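A.B. asks: here is the input, now give the coordinates:
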Amino acid sequence: MCISGFNLIAADSPAIEAMTDFSRINAVSIAPAALINEANARMISRGVRLLMVVGKDDALAGLITARDILGEKPLQIVQGRGGKRDELTVADLMTPIGNIDTLSLEDVLKVRVADILDALKKLGRQHILVEDTDPATGLPRVRGLFSATQIGRALGVPVLGFDLPRTFAEIEAALVN
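C.D. replies: Here you go, the predicted structure:
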């Protein structure tokens, strides 16, 4: 439990403490064929800003974020090919799995929260997936997720856009201000 005035994690905490661990928390998912208004409603109802896009075979096809849905991307697609915004599907806006940055759980266990924020900033990303090996099948699986917004909230540091604190000193300075 968090004592008032103290954060649950710090910049020098082990990174694993800031990861959303899918072995403990169910990921919120949606089908690629779902309309973007349905995806937005699901995000709002579940209190998340990212959905895992899962195909028919339960394989991860990609990710879709609130920024994808509410930003300029839908307008650009509609202008480019015609149609209406309400007709766009998750597949139209999602980031395909092949374009998503990932870290291995083994690497995550070796770094600090500040290192994850640094990686997010360098990549210009809001999220990084974490993979490990499924002990039952021996195949790679998505184990968790880092969210810049969630880490910033836990640290008490406002994280807007991609202007993230990169170093422990920058995080400390942001906490003091």
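
A.B. asks: for the record, mean pLDDT for stretch 109-126?
C.D. replies: Mean pLDDT, computed over stretch 109-126, is 90.

A.B. asks: repeat that for stretch 9-18.
C.D. replies: On average, stretch 9-18 scores 93.

A.B. asks: pull the distance from the host helix or strand of residue 149 to the chain's centre.
C.D. replies: Counting by DSSP states H and E, the element that carries residue 149 is helix 148-155. Taking the mean of its C-alpha atoms, helix 148-155 sits 11 Å from the chain's own mean (C-alpha atoms, centre = their mean, to the nearest Å).

A.B. asks: again with stretch 26-40
C.D. replies: For stretch 26-40, the distance to the chain centre is 15 Å (C-alpha atoms, centre = their mean).

A.B. asks: go through that stretch and flag the buried ones.
C.D. replies: Under the neighbour-count criterion of 16 or more other C-beta atoms under 10 Å, stretch 26-40 has 27, 30-32, 34-36, 39-40 buried. Every residue, glycine included, has its C-beta placed from N, CA and C.

A.B. asks: and for stretch 46-61?
C.D. replies: 48-54, 60-61.

A.B. asks: sorry, back to before: for the buried residues of stretch 26-40, which one is nearest residue 77?
C.D. replies: residue 36 (10.0 Å; C-beta to C-beta).

A.B. asks: wait, the closest one sits on residue 91?
C.D. replies: No - using C-beta atoms under 8 Å, residue 36 is not in contact with residue 91; the gap is 9.9 Å.

A.B. asks: how close does the residue most central in space within the chain get to residue 158?
C.D. replies: In the chain, the centroid-proximal residue (C-alpha atoms, centre = their mean) is residue 127; its distance is 3.3 Å. Residue 127 sits 17 Å away from residue 158, going by C-beta to C-beta, to the nearest Å.

A.B. asks: what does residue 148 give?
C.D. replies: 11 Å.

A.B. asks: all strands of the chain, in order?
C.D. replies: 20-21, 29-30, 50-54, 60-65, 95-96, 102-104, 127-133, 140-147 (DSSP state E).

A.B. asks: spatially nearest residue to residue 119 (excluding sequence neighbours)?
C.D. replies: residue 128 (6.5 Å; C-beta to C-beta, 6 or more residues apart in numbering).

A.B. asks: to clarify, my last question referred to residue 14.
C.D. replies: Counting by C-beta to C-beta, 6+ apart, the residue nearest residue 14 is residue 112, at 6.5 Å.

A.B. asks: next one: residue 50
C.D. replies: residue 65 (4.9 Å).

A.B. asks: shouldn't residue 18 be in contact with residue 157?
C.D. replies: No - counting by C-beta under 8 Å, residue 157 is not a contact partner of residue 18; they are 11.9 Å apart.

A.B. asks: who has more neighbours, these two?
C.D. replies: Each of residue 18 and residue 157 has its neighbours counted (other C-beta atoms under 10 Å); residue 18 has more, 24 against 21.
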